[in-house]
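K.L.:
Predicted coordinates and the sequence they were generated for:
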Amino acid sequence: MQALPQQRVKLLYLMKILLEKTDEDHPMTIVDLSTALAAYGIKAERKTMYSDLELLSLFGLDIEKQRSRSVGYYIASRQFELPELKLLVDAVSSSRFITEKKSQGLISKLSSLTSEAQAGQLRRQVFVAGRAKSFNELSYYSVDAIHAAINEKKKIAFKYFDYDAKMKRIYRKGGTLYQVTPLTLCWDNDKYYLIAYSAEHDELRHYRVDRIGDASTLDEPADVFSKKKFNVAGHIKRVFGMYGGETVSATLLFDEALVNNVLDQFGKDAIISAAPDGKVAVRANVSVSPVFLGWVFSFGGRAEITGPDSLIAAMRELVEANAEKYRV
């Protein structure tokens, strides 16, 4: 490599070395930096190194000087701090929607945003949670196709499938393409859903993104639907979590120790007040659905539905029907 091109790329390689090799615990001296540049075939004189570091600082690189037995230089701050990257890595590694292979790829890219020494801490984060992962590698690209269709106000086409006992895909409608207008994506209970308008059925529908295959944006414009008739936020409340049936205003009693569980489920929508015997009274809008009833039942004697009568009757029917299955 000739001298002139060397000097043109020296600043770039110096920035690369500082970003990859240094942090507060791993500074590099001028000699260290010159040796690292030499590995790329670039000669650097001590005198010019100081001006190079100053130029990079003027460019915006946060270079700090550390004095001990010798003077070392390191990157003091980055676009993402280490705690922020740990949070992102944990979210990726624990997400059921993202496959193990794709998780490793994303974590590798996130690791490149810090020094090599600190990247080791991020790689150890991968094994924090042993959660079941999706095995539909195409889900990642389905999300991109859905977002593209939403932004371009176009319809989307895809195949929708279930798994059989042998973990093979069984396509619904014999593999016929679904054609809908995508409205938004919803994350619920660690699963990703597409909320879409079906002109064929004149209603909002939801689809598990990890069970969508061969997704593509169509040239057809998105269908227009009445926001007065269809409310996406209301649809999400009815379909996901505690919703899915007739909505009623429920009153319940919980042990005071379960307040966190109540807040996790209902958030600020719940009205909570003190009750006798170490209980709290809760009023919230819920649906008469097995999902909600099962959630209450999971707390055993520490939770009780006190109204309305229709919800109490629904719980009684659910308990009796299941008790009959296990009666000797």
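P.N.:
Arrived safely.
K.L.:
Against residue 79, how distant is the nearest residue to residue 10 once chain neighbours are set aside?
P.N.:
Using Cβ to Cβ, 6 or more residues apart in numbering and skipping residues adjacent in sequence, the residue nearest residue 10 is residue 42, 5.3 Å away. The way it works is simple: take the backbone N, C-alpha and C, and place the C-beta from them, glycine included. The gap separating residue 42 from residue 79 is 26 Å, by Cβ to Cβ, to the nearest Å.
K.L.:
Among the two, which residue is more densely surrounded?
P.N.:
Applying other Cβ atoms under 10 Å to residue 42 and residue 79 shows that residue 42 carries more neighbours, namely 19 against 8.
K.L.:
For the more buried one, give me phi and psi.
P.N.:
phi -120, psi 120 (degrees, to the nearest 10).
K.L.:
likewise residue 46?
P.N.:
phi -60, psi -40.
K.L.:
Likewise for residue 253?
P.N.:
phi -120, psi 130.
K.L.:
in the sheet, who's paired with it?
P.N.:
Beta bridges link residue 253 to residue 281, residue 304, judged by DSSP bridges.
K.L.:
so what pLDDT did it get?
P.N.:
Turning to residue 253, the model gives it a pLDDT of 94.
K.L.:
C-terminal to the helix or strand that contains residue 145, what's the next element?
P.N.:
If you go by DSSP states H and E, residue 145 is part of helix 139-152. On the C-terminal side of helix 139-152, the closest following helix or strand by DSSP H and E is strand 154-163.
K.L.:
residues making contact with that following strand?
P.N.:
Identification of contacts with strand 154-163 by Cβ atoms under 8 Å, 6 or more residues apart in numbering yields 142, 145-146, 148-149, 169-173, 175-182, 196, 207, 211-223.
K.L.:
what's the neighbour count on residue 151?
P.N.:
Using other Cβ under 10 Å: residue 151 sits among 10 other residues.
K.L.:
What residue spans form the domains of this protein?
P.N.:
Domain assignment for the chain by automatic domain parsing gives 3-75, 82-125, 139-231, 247-325.
K.L.:
comparing those, which gets the lowest mean pLDDT score?
P.N.:
Looking at the domains of the chain, the weakest mean confidence is domain 82-125, a mean of 82.
K.L.:
chain center to that domain, what's the gap?
P.N.:
13 Å (Cα atoms, centre = their mean, to the nearest Å).
K.L.:
and what of stretch 39-46?
P.N.:
Worked out by Cα atoms, centre = their mean, stretch 39-46 lies 43 Å from the chain centre.
K.L.:
Quick one: end-to-end distance for it.
P.N.:
16 Å (Cα to Cα, to the nearest Å).
K.L.:
Buried residues in it, which are they?
P.N.:
42, 44 (16 or more other Cβ atoms under 10 Å).
K.L.:
And the contacts of that stretch?
P.N.:
1, 6, 9-10, 13-14, 30, 33-34, 37-38, 52.
K.L.:
can you check stretch 179-187 too?
P.N.:
With Cβ under 8 Å, 6+ apart as the criterion, stretch 179-187 contacts 143, 146-147, 149-150, 155-157, 192-200, 204-206, 209, 218, 220, 222-223, 225, 232, 236, 240.
K.L.:
Dump the contacts of stretch 39-46 to TSV, plus distance to residue 273.
P.N.:
Shown next, in TSV, are the contacts of stretch 39-46 (distance: Cβ to Cβ, whole Å):
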residue	distance to residue 273
1	76
6	74
9	69
10	69
13	65
14	64
30	68
33	65
34	70
37	69
38	72
52	66
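K.L.:
just checking, which of those belong to helices?
P.N.:
Among these, the members falling in helices (DSSP state H) are 6, 9-10, 13-14, 30, 33-34, 37-38, 52.
K.L.:
how about CSV for those residues, with distance to residue 303 and neighbour count added?
P.N.:
Formatted as CSV, these follow (distance: Cβ to Cβ, whole Å; neighbours: other Cβ atoms under 10 Å):
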residue, distance to residue 303, neighbour count
6, 72, 16
9, 67, 15
10, 68, 18
13, 63, 18
14, 63, 24
30, 67, 17
33, 63, 23
34, 68, 18
37, 66, 21
38, 69, 11
52, 66, 18
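K.L.:
just the helices in this structure please.
P.N.:
Remark: helices assigned in the chain by DSSP H are 3-21, 30-38, 46-59, 82-94, 100-111, 116-125, 139-152, 232-239, 259-266, 290-297, 309-325.
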